[in-house]
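Participant: This is a predicted model, with the sequence first.
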Amino acid sequence: MQVFIYHTPELTPVHTLPDCAVVIDVLRATTTIATALNAGAEAVQTFSDLKTLMQVSDTWQPAKRLRAGERGGAKVEGCDLGNSPLDCTPDLMKGRRLFISTTNGTRALQRVEESPIVITAAMINRQAAVNYLLDRQPETVWIVGSGWEGGYSLEDTACAGAIADALQEQSGQMAIGNDEVIAAIALYRQWQNDLLGMFHSCSHGQRLLRLHCQEDLKYCANIDSLDVLPIQKEPSIL
Ligand code: 3SL
């Protein structure tokens, strides 16, 4: 298994695809997606734009759907939810489809959606992603961070490093595809005992703190707390 890390969707190569793409948006889209599925959502359908989200979800029975929209960290008017994983309770999610559009995470998913296998990961389901990769042994793996509006996000790269670190330790035969893998592992090791501290330092964590989302940050820092793996069933549906 050869692993490559790309910090943002914009930095991923354009004329080729991996056997398996792992999309990461620790704060908070892929944490929310994992939590929704773990809470019993029937599926999560992702959209890069809100207009399409509204059109597609309109064709769904109102009792069987939830619309989640986030821009700039805040909930979009007209949606049922923003992008807080803490809203994804079993009471709300069970048997419903979550239609979601976020600033960066859903765009990153779209960038690699044609890959034969697409999974999403965050700190909370890091080990579930690692177990899947160890079991399936895809030849090439791209771990793609969502970043923020084209820029690098510390927490996504640290999560990519957390996955690569575990793959290296647990498989003993992971090949390093690019220098970003070495850098991301070093970054993760620097922060592994204080993920919450990292979230408080990084720019998107600070944006979320200004929006009073400190409980979300705590939740997102709970590494390996959920044994759930979102796997794309068809483009944009997990
Ligand atoms: O950018 C995204 O996709 C979101 O996860 C951002 S936020 O954490 O909801 O603000």
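Facilitator: Nice, I can see it. Residues are numbered from 1 along each chain as shown.

Participant: Mind naming the longest helix for this structure?
Facilitator: Counting by DSSP state H, the longest helix found in the chain is helix 154-171.

Participant: Is that one in proximity to the ligand?
Facilitator: No: applying C-beta under 6 Å from any ligand atom, one finds helix 154-171 separated from the ligand by no less than 9.8 Å. Glycine gets a C-beta too; all of them are placed from N, C-alpha and C.

Participant: partners of the next helix or strand after that helix in the sheet?
Facilitator: Using DSSP states H and E, the helix or strand that follows helix 154-171 in sequence is strand 175-176. Partners of strand 175-176 in the sheet, by DSSP bridges, are strand 2-6 (parallel).

Participant: that older thread, quick check: which helices or strands does the longest helix of the chain pack against?
Facilitator: Contacts defined by 3 or more C-beta pairs under 8 Å, 6 or more residues apart in numbering; DSSP states H and E place helix 154-171 against strand 2-6, strand 20-24, helix 126-136, strand 140-145, helix 179-191, helix 195-201, helix 203-210.

Participant: Need the CA coordinates for stretch 107-118. PDB is fine.
Facilitator: Extracted in PDB, the C-alpha atoms of stretch 107-118 (Å, rounded to 0.1, in the frame of the first residue of the first chain):
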ATOM      1  CA  ARG A 107     -16.100  20.100  -1.900                       C
ATOM      2  CA  ALA A 108     -13.200  17.900  -1.000                       C
ATOM      3  CA  LEU A 109     -15.400  14.800  -1.300                       C
ATOM      4  CA  GLN A 110     -16.500  16.000  -4.800                       C
ATOM      5  CA  ARG A 111     -12.900  16.300  -5.900                       C
ATOM      6  CA  VAL A 112     -12.200  12.600  -5.500                       C
ATOM      7  CA  GLU A 113     -15.700  11.100  -5.800                       C
ATOM      8  CA  GLU A 114     -14.800   9.100  -9.000                       C
ATOM      9  CA  SER A 115     -12.200   7.000  -7.100                       C
ATOM     10  CA  PRO A 116     -13.200   3.300  -6.900                       C
ATOM     11  CA  ILE A 117     -13.300   3.600  -3.100                       C
ATOM     12  CA  VAL A 118     -14.000   6.800  -1.100                       C
END
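
Participant: Looking at residue 48 now. What's its pLDDT?
Facilitator: In this prediction, residue 48 carries a pLDDT score of 87.

Participant: Report the separation between the residue positioned nearest the centre of the chain and the ligand.
Facilitator: Nearest to the geometric centre of the chain sits residue 30, at 2.6 Å (C-alpha atoms, centre = their mean). Distance from residue 30 to the ligand, counting by C-beta to the nearest ligand atom, to the nearest Å: 8 Å.

Participant: isn't that residue right next to residue 118, touching?
Facilitator: No: using C-beta atoms under 8 Å as the test, residue 30 is too far from residue 118 to be in contact (11.4 Å).

Participant: how distant is the longest helix of the chain from the center of its chain?
Facilitator: 14 Å (C-alpha atoms, centre = their mean, to the nearest Å).

Participant: quick revisit: could you name every residue contacting both of residue 30 and residue 118?
Facilitator: residue 23 (C-beta atoms under 8 Å, 6 or more residues apart in numbering).

Participant: can you dump the C-alpha coordinates of stretch 39-57 into PDB?
Facilitator: Extracted in PDB, the C-alpha atoms of stretch 39-57 (Å, rounded to 0.1, in the frame of the first residue of the first chain):
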ATOM      1  CA  ALA A  39     -26.500   7.600  15.300                       C
ATOM      2  CA  GLY A  40     -28.600   5.700  12.700                       C
ATOM      3  CA  ALA A  41     -28.900   8.000   9.700                       C
ATOM      4  CA  GLU A  42     -30.100   6.000   6.700                       C
ATOM      5  CA  ALA A  43     -27.400   7.800   4.600                       C
ATOM      6  CA  VAL A  44     -25.600  11.000   4.300                       C
ATOM      7  CA  GLN A  45     -25.900  12.800   0.900                       C
ATOM      8  CA  THR A  46     -23.300  15.600   0.300                       C
ATOM      9  CA  PHE A  47     -23.600  18.700  -1.800                       C
ATOM     10  CA  SER A  48     -21.100  21.400  -2.700                       C
ATOM     11  CA  ASP A  49     -23.900  23.900  -3.300                       C
ATOM     12  CA  LEU A  50     -27.000  24.700  -1.300                       C
ATOM     13  CA  LYS A  51     -29.400  25.200  -4.200                       C
ATOM     14  CA  THR A  52     -28.900  21.600  -5.400                       C
ATOM     15  CA  LEU A  53     -29.200  20.400  -1.800                       C
ATOM     16  CA  MET A  54     -32.600  22.100  -1.500                       C
ATOM     17  CA  GLN A  55     -33.800  20.800  -4.900                       C
ATOM     18  CA  VAL A  56     -32.800  17.200  -4.300                       C
ATOM     19  CA  SER A  57     -34.000  17.100  -0.700                       C
END
